[in-house]
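[1] This is the structure alone, sequence omitted:
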């Protein structure tokens, strides 16, 4: 068993001829909250999608709690949950039904669904179709979907995006709760001050390359504006 | 797989108006085929089995392509794979749901065929069985190719191009068996055609289930 929750070595991924991620090396101790910052197109989402095994790395490798991203994909997927740019929701199903689909595929009980919907403040809209939801409500439901997985590593891609101020507070609460539970969190965000407050560590990407890494409290927050 | 099937049936139920649209498309196709032959009742009856299966085949491309629409609009399929859900369970859930839908569609087209082509039969259970087996031959590879073409802009064109050559043996067996049920079976050949159809179904369902994981992951 690896002593690191995430161990990325020279991770690289390209789209066509452009390297979206190049030679990215970092390690994350278990239970840490890590902010991933960088301008649009710097490779934040690509990094999270590679770590979640949604896409394969073209070079380098990484492991999640010792499980190899490529060779032990199923084990990695059991350990990781991704809050993606994509909501992963079925438009014609209700909020409750979407979580039921997730529960059925995870092989877990559906009993936790009402509590999860209440946690993301969607309890009163449980029986409404996702097609009638705003972007922020979809994000909240996607959050509930992530929490249902009870992962060891949570990858959050722009968790504050599309949310209202109460939604921001909700994300902060959830991240704090995950940290208290010992879950490792990797959070790609443009909300640098808020993200840094929540995080122990930070990494900054620029044009796919690791530009800076260290303690979140010492992060050069002005550099990526 | 039960969870995957339940999800597919729920999605189909929520978009059930589309089933009616596809049925009307199939019925219209049967009507247009009859215009091509002209008002000769005997020829219409002779060709009725072929027309029924052509109508169902054309309708199936709409159904199969549409079955991946909900998976792609928010990348829901990717979300399930990352849970991780077993790709084979996802495949068989969707293929079974498509099979049920195509079978119901085929059964619904039978009265249209009887009215338009005067192609009645007193072996209705056999006809319904043939339609169910033939629909299985369409839905298994159709679901696989539906997944392959789901993210391609020209999927409505590409899906039939890929699917039609592959399902020719199952389609021929279905047409021949249906024809024997409607026109009579003096040589008792129906059993052989059904066995052939069943064999192709078994091959399609086994192979496509194995290949689905590669198609949706890579």
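    Everything's here; your move. Just so you know, these numbers come straight off a predicted model, no measurement behind them. Numbering: from 1, shown residues only, chains lettered A, B, ... in the order given.

[2] Can you tell me what sits against stretch A:126-136?
    Taking contacts as Cβ atoms under 8 Å, 6 or more residues apart in numbering or on different chains, the residues outside stretch A:126-136 that touch it are A:87, A:89-96, A:98, A:114, A:117, A:125, A:138, A:141, A:162-164, A:167, B:14. (Glycine included, C-beta is placed from N, CA and C.)

[3] Tell me the gap between it and the middle of its chain.
    Mean C-alpha position of stretch A:126-136 versus that of the full chain (Cα atoms, centre = their mean, to the nearest Å) differs by 21 Å.

[4] any idea which helix or strand of chain B has the worst average confidence?
    helix B:155-166 (a mean of 88; mean pLDDT, DSSP states H and E).

[5] just checking, what's the longest helix in chain A?
    Longest helix in chain A, counting residues (DSSP state H): helix A:165-180.

[6] Which elements pack onto it?
    The helices and strands touching helix A:165-180, judged by 3 or more Cβ pairs under 8 Å, 6 or more residues apart in numbering or on different chains; DSSP states H and E, are strand A:33-38, helix A:135-148, strand A:153-157, strand A:184-188, helix A:192-198.

[7] quick one, phi psi at residue A:210?
    Main-chain torsions, residue A:210, degrees, to the nearest 10: phi -70, psi 120.

[8] That one contacts residue A:23, correct?
    Yes. With contact defined as Cβ atoms under 8 Å, residue A:210 counts as touching residue A:23 (7.5 Å).

[9] Just want to know which of those two has more residues nearby.
    When neighbours are counted by other Cβ atoms under 10 Å in any protein chain shown, residue A:210 comes out ahead of the other of residue A:210 and residue A:23, with 20 against 14.

[10] separation between that one and residue A:84?
    For residue A:210, the distance to residue A:84 under the criterion Cβ to Cβ, to the nearest Å works out to 22 Å.

[11] same check, this time on residue A:51
    As for residue A:51, its distance to residue A:84 is 12 Å (criterion: Cβ to Cβ).

[12] Mind listing the shared neighbours of the two?
    Contact criterion Cβ under 8 Å, 6+ apart; no residue bridges residue A:51 and residue A:84 by contacting each.

[13] Please list the outside residues in contact with stretch A:56-64.
    So stretch A:56-64 is contacted by A:2, A:4-14, A:21, A:23-25, A:50-51, A:68-70, A:76, A:79-80, A:152-153 (Cβ under 8 Å, 6+ apart).

[14] out of those, which touch chain B?
    Contacts with chain B are made by residue A:80 out of these, judged by Cβ under 8 Å from any Cβ of the partner chain.

[15] Keep only those of the contacts of stretch A:56-64 that are in strands.
    With strands defined by DSSP state E, the entries of these inside them are A:6-14, A:21, A:23-25, A:68, A:80, A:153.

[16] For residue A:61, pull up the helix or strand it's in.
    Counting by DSSP states H and E, the secondary-structure element that holds residue A:61 is strand A:59-64.

[17] buried sites along stretch B:153-163?
    When neighbours are counted by 16 or more other Cβ atoms under 10 Å in any protein chain shown, the buried residues of stretch B:153-163 are found to be B:155, B:159-160, B:162-163.

[18] Which positions in chain A make contact with chain B?
    Proximity of chain A to chain B, by Cβ under 8 Å from any Cβ, involves residues A:52-54, A:73-74, A:77-78, A:80-82, A:84, A:86-93, A:97, A:101-102, A:104-106, A:129, A:145, A:149.
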